[in-house]
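*Asks:* any chance you could fold what I've pasted below:
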Amino acid sequence: MNPSDPHTPAPTTILVVDDSVSVRKALERILAPQGYAVRMADSAENALLALEPLPDMILADILMPGMSGLELARILGDRQLNIPVMLMSGIVDDVTQRDAHAAGACGVLRKPFTPTELLPAIEPHLQAALAQRQGAPAASEPAPAVSQPAPDEPLPSQPAPVPAPQAAAAPVVPAPVAAAPVPVTPAHSGPLASLRAVPGVLGAVLYDADGERQDEFGEALPESFGMYARFLVTAAATASFHLNRGDLSGVQVTYGQQTLLLTPYRDGQLVTLLAAASDAAAVHGWQGTQLN
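*Replies:* Numbering: from 1, shown residues only. Prediction:
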């Protein structure tokens, strides 16, 4: 772009608002190659301080410490700023969609998403807003953002090759097999080593601030669970902030006969699988000794 050329249009600017560094960087990697100028804020409060010059669109996480993305969208609407706001969330349901619409957002994207899901979702709303500001009618009314990606089209099935007939093989007498040596499990030496000895603990996973596993033992959790752990802990911490209840101690979730305890741990989250809900107190006690 040549700033001395008055005919050179200014780049379209998107303000990304998310408290996760990895999410902000990932969105920049997607948007910058498409020609968008990307500005970033780590909170809704800081986003309100970064509105000059006005961005052409805002991508904001719903659940953040302090002000939520929903509140950010409402404030922008109250100020009558013509900025489309696309919200992002790890869990999108009818209630989330309804709240986003009531706040004035143009849609909700389910995280995580790919470039092929992000760009078609934001571009119609962005182009419509730009056309409205320039006084030109938009080409068409933008369709609502799709919160969940459509399943991939199944590949056409291929006929299985027919094996050629083979001559009958002579019977093989198996040789005696020596007993395999018993593998020796190395001693656990990570940050959760002492948690194994806490009564009632069946397993645990420690995530960092970006949802990456730092240590684990016991029953394995799905790779994507770090995203949900961060979502649940952040949601509970945000509620505690608005209710003025002090720091969050933990979130207890029960599925059938299994109880998961999700607690803030340093800059991340600790997920502990318990034999019974009453064992949560022992985990809180262990965590207190680790953080002191």
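
*Asks:* and the average pLDDT for stretch 51-60 is what?
*Replies:* Stretch 51-60 shows a mean pLDDT of 93.

*Asks:* quick one, helices of the chain?
*Replies:* Here the chain has its helices, by DSSP state H, at 21-31, 44-49, 69-78, 94-103, 115-133, 225-243, 280-291.

*Asks:* let me know which of those helices is tucked in deepest.
*Replies:* Comparing the helices of the chain by mean neighbour count (mean count of other CB atoms under 10 Å), helix 69-78 comes out on top with a mean of 20. Where you see a C-beta, it was placed from the backbone N, CA and C, and this is true even at glycine.

*Asks:* which residues does it contact?
*Replies:* 17, 44, 47-48, 58, 60-63, 83, 85, 87-88, 99-100, 103-105 (CB atoms under 8 Å, 6 or more residues apart in numbering).

*Asks:* please name the nearest non-neighbouring residue to A277.
*Replies:* T259 (4.7 Å; CB to CB, 6 or more residues apart in numbering).

*Asks:* before we move on, what about L261?
*Replies:* Counting by CB to CB, 6+ apart, L261 lies nearest to T272, which is 4.6 Å off, once chain neighbours are set aside.

*Asks:* just the pLDDT at the one you found, thanks.
*Replies:* 93.

*Asks:* residue ranges in the stretch 101-250 of the chain under the pLDDT threshold?
*Replies:* 135-189, 210, 223-224, 241 (pLDDT under 70).

*Asks:* give me that answer again for 50
*Replies:* When residues are selected by pLDDT under 50, those of the stretch 101-250 of the chain lie in 136-141, 143-168, 182-186.

*Asks:* on that earlier part again, okay, now the residue nearest to L261: neighbour count?
*Replies:* Neighbour count for T272, taken as other CB atoms under 10 Å: 30.

*Asks:* how near is it to Q214?
*Replies:* 14 Å (CB to CB, to the nearest Å).

*Asks:* how near is the residue nearest to A277 to G250?
*Replies:* 11 Å.

*Asks:* overlap in contacts, the two.
*Replies:* A280.
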